[in-house]
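Student: A structural model of the following input is requested.
(one chain, ligands or ions: 2)
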Amino acid sequence: MIRENYDMAKKAYEKWGIDVENVLETLKKVPISIHCWQGDDISGFEVNQRELSGGIDVTGNYPGKATNPDELRMDLDKALSLIPGKHRVNLHAIYAETNGINVDRNEIEPKHFENWVNWAKERGLGLDFNPTLFSHEKAEDGLTLSHPDEEIRQFWIEHCIASRKIGEYFGKELESPCLTNIWIPDGYKDMPSDRLTPRKRLKDSLDQIFAADVDESLNIDAVESKLFGIGSEAFVVGSHEFYLGYALKNNKLCLLDTGHFHPTETVSNKISSMLLFSDQLALHVSRPVRWDSDHVVTLDDELREIALEIVRNDALDKVLIGLDFFDASINRVAAWTIGTRNMIKAMLYALLTPNEYMKQLQEDGNYTERLALIEEFKTYPFGAIWDYYCEMMKVPVKEAWLNEIKTYEETVLSKR
Ligand SMILES: C[C@H](O)[C@H](O)[C@@H](O)C(=O)CO
Ligand SMILES: [Mn+2]
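Tutor: Numbering: from 1, shown residues only. Ligands and ions are numbered 1, 2, ... in the order given. This is a model prediction of the structure:
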């Protein structure tokens, strides 16, 4: 039935001039950067493990969380076997492997990520990276790169430079540039009496970090903004405007997290504007339920709109798609599978839309047909193409992946 359904669906799209085979070939080449931290609730594997801090939180206590790097990689392998296509894995500095030696964040080196690189190499995966500027005693008061204490600020500058060098190493070893993204929690719970001074310090810290000699063909730098966090409700130093200005002036990438804006403000609406002034941008696709709650990504309106904007604007190689959610109330391998499959589904949906025709309708002022087609395409047989794609890519079709998760839970996760 999968083939028959596909043939019928293909005809429906071909009537609109959509070359479905071509679409599937394009989709195969869209990498999604899958965040490792869904697998262990952002605990990491440092010798001196700290409580999660930085105004982010993971809730739930589903059994089976990965407790060491081998378990995390095994879980990622399971998820990757259920997700069609070749993707990337996104690491944080706290996932360093230091052989039981306590290595502080400013001293991490490429050698601490050798196992990750070998694992990625064997599987043909790319790796992305993030310095970890939270869950550490030097970030206890919620300030890092904007800290008034020079010693603390310098510590975090060193950590970010070390992280860029690890990114460069990933890029070189895996022959695919690594996106190294800086996110800091810095902000104030209550009204600041001075917004400028912390921002001046953050700007200076970034200048020092990016002055370090790192090959930009191997490592791409990004900066991630935020509106608020737990404990930084009134003021965040690294706001959207701050980083937009910084990135444009210094030729860095802005990273937009879909949970980091006002609840009715959408990232989909920012992509076209930003790409007019910047060659590339990066995303953390998440699902903010009333706040930056980092729920597992679902195939909702905003996800489809983000995908449509990427496709309509011919920006498949300009928007670097990463995921950022962490839910410990459900099976973590299922969380990765659901969220990543949804991101890919959204891209497929966008590629199966007659975007050029619909653009012309708007130019012609034909808003009736524009709305009619937007709505009609929602019930086009997109699922039949998706099922065929999964079969073609040798991953489970429809919800069949759930059986594999159940078996994995019984045989592996429940034994931890
Ligand atoms: C763990 C991540 O780096 C973190 O979620 C960051 O990207 C973020 O979005 C903080 O709100
Ligand atoms: Mn994020």
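Student: When you work out contacts or count neighbours from here on, use the C-alpha atoms and nothing else.
Tutor: Noted.
Student: what does the stretch 151-300 of the chain put close to ligand 1?
Tutor: Contacts of the stretch 151-300 of the chain with ligand 1, taken as C-alpha under 6 Å from any ligand atom, map to Trp183.
Student: any idea how far whatever residue of the stretch 101-250 of the chain ends up closest to ligand 1 lies from Lys378?
Tutor: When scored by C-alpha to the nearest ligand atom, the stretch 101-250 of the chain has Trp183 as its residue closest to ligand 1, at 5.8 Å. Separation of Trp183 from Lys378 (C-alpha to C-alpha, to the nearest Å) stands at 36 Å.
Student: before we move on, the earlier item: mind pulling up the pLDDT for the residue of the stretch 101-250 of the chain closest to ligand 1?
Tutor: What the model reports as pLDDT for Trp183 is 98.
Student: and it, what does it touch?
Tutor: 130-133, 223-225 (C-alpha atoms under 8 Å, 6 or more residues apart in numbering).
Student: Ok, Leu402 next?
Tutor: Ala334.
Student: and it, what element?
Tutor: helix 401-411 (DSSP states H and E).
Student: So for that helix, what gets flagged as buried?
Tutor: 401, 404-405, 409 (16 or more other C-alpha atoms under 10 Å).
Student: and if you look at stretch 236-253?
Tutor: Residues 236-240, 242-244, 246-247, 252-253 are the ones in stretch 236-253 that count as buried (16+ other C-alpha under 10 Å).
Student: Please flag which of these sit within strands.
Tutor: 236, 253 (DSSP state E).
Student: any idea which element Glu369 lies in?
Tutor: helix 367-377.
Student: Now the element after that helix, going C-ward?
Tutor: helix 382-392.
Student: Please list the residues outside that next one that contact it.
Tutor: Under C-alpha under 8 Å, 6+ apart, the answer for helix 382-392 is 2-3, 5-6, 9-10, 24, 84, 345, 348-349, 352, 396-398.
Student: Apply 10 Å and report the result again.
Tutor: Helix 382-392 has contacts (C-alpha atoms under 10 Å, 6 or more residues apart in numbering) with 1-10, 12-13, 20-21, 24-25, 27-28, 82-85, 341, 344-345, 348-349, 352-353, 393-398.
Student: what about the helices in the protein?
Tutor: 2-14, 20-28, 69-80, 114-123, 150-174, 196-211, 240-250, 268-277, 301-312, 332-351, 355-363, 367-377, 382-392, 401-411 (DSSP state H).
Student: Quick check: buried residues in the first one?
Tutor: Read that as helix 2-14. 6, 9-10, 13.
Student: so which of those also contact ligand 1?
Tutor: Of the buried residues of helix 2-14, not one also sits near ligand 1 (C-alpha under 6 Å from any ligand atom).
Student: would you turn those into JSON lines with distance to Tyr95 and pLDDT?
Tutor: Below are those laid out as JSON lines (distance: C-alpha to C-alpha, whole Å; pLDDT from 0 to 100):
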{"residue": "Tyr6", "distance to Tyr95": "42", "pLDDT": "98"}
{"residue": "Ala9", "distance to Tyr95": "44", "pLDDT": "98"}
{"residue": "Lys10", "distance to Tyr95": "44", "pLDDT": "98"}
{"residue": "Tyr13", "distance to Tyr95": "44", "pLDDT": "98"}
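Student: Now for these: which two are most distant?
Tutor: Pairwise distances across those peak at 10.5 Å for Tyr6 and Tyr13 (criterion: C-alpha to C-alpha).
Student: Please enumerate the shared neighbours of those two.
Tutor: 20, 381-382, 385.
Student: Pull the most distant pair out of those residues.
Tutor: So for these, where distance means C-alpha to C-alpha, the most widely separated pair is Val20 and Pro381, at 12.1 Å.
Student: Which of those two has more residues huddled nearby?
Tutor: Comparing Val20 with Pro381 by other C-alpha atoms under 10 Å, the one with more neighbours is Val20, at 19 against 16.
Student: Would you mind measuring from the more buried one to ligand 1?
Tutor: In this view, Val20 and ligand 1 are 35 Å apart by C-alpha to the nearest ligand atom, to the nearest Å.
Student: contacting residues around the residue nearest to that residue when sequence neighbours are not counted?
Tutor: Leaving aside its sequence neighbours, Val20 sits nearest to Lys10 (C-alpha to C-alpha, 6 or more residues apart in numbering; 6.2 Å). By C-alpha under 10 Å, 6+ apart, Lys10 lies in contact with 4, 18-21, 352, 381-382, 384-385.
Student: The closest residue to ligand 1 within the stretch 1-150 of the chain - how many residues pack around it?
Tutor: Proximity of the stretch 1-150 of the chain to ligand 1 (C-alpha to the nearest ligand atom) peaks at Ile56, 5.9 Å away. When neighbours are defined as other C-alpha under 10 Å, Ile56 has 17 of them.
Student: same deal with Ile330?
Tutor: 14.
Student: Pretty sure Tyr62 is one of the things it touches, is it not?
Tutor: Yes - contact criterion C-alpha atoms under 10 Å: Ile330 and Tyr62 qualify, at 5.7 Å.
Student: picking up where we left off before, for Gly44, which of the helices of the chain is the nearest?
Tutor: Using C-alpha to C-alpha, those put helix 69-80 closest to Gly44, at 8.5 Å.
Student: what's the closest one packed up against?
Tutor: With contacts taken as 3 or more C-alpha pairs under 10 Å, 6 or more residues apart in numbering; DSSP states H and E, helix 69-80 sits against strand 32-35, strand 88-92, helix 114-123, helix 332-351, helix 401-411.
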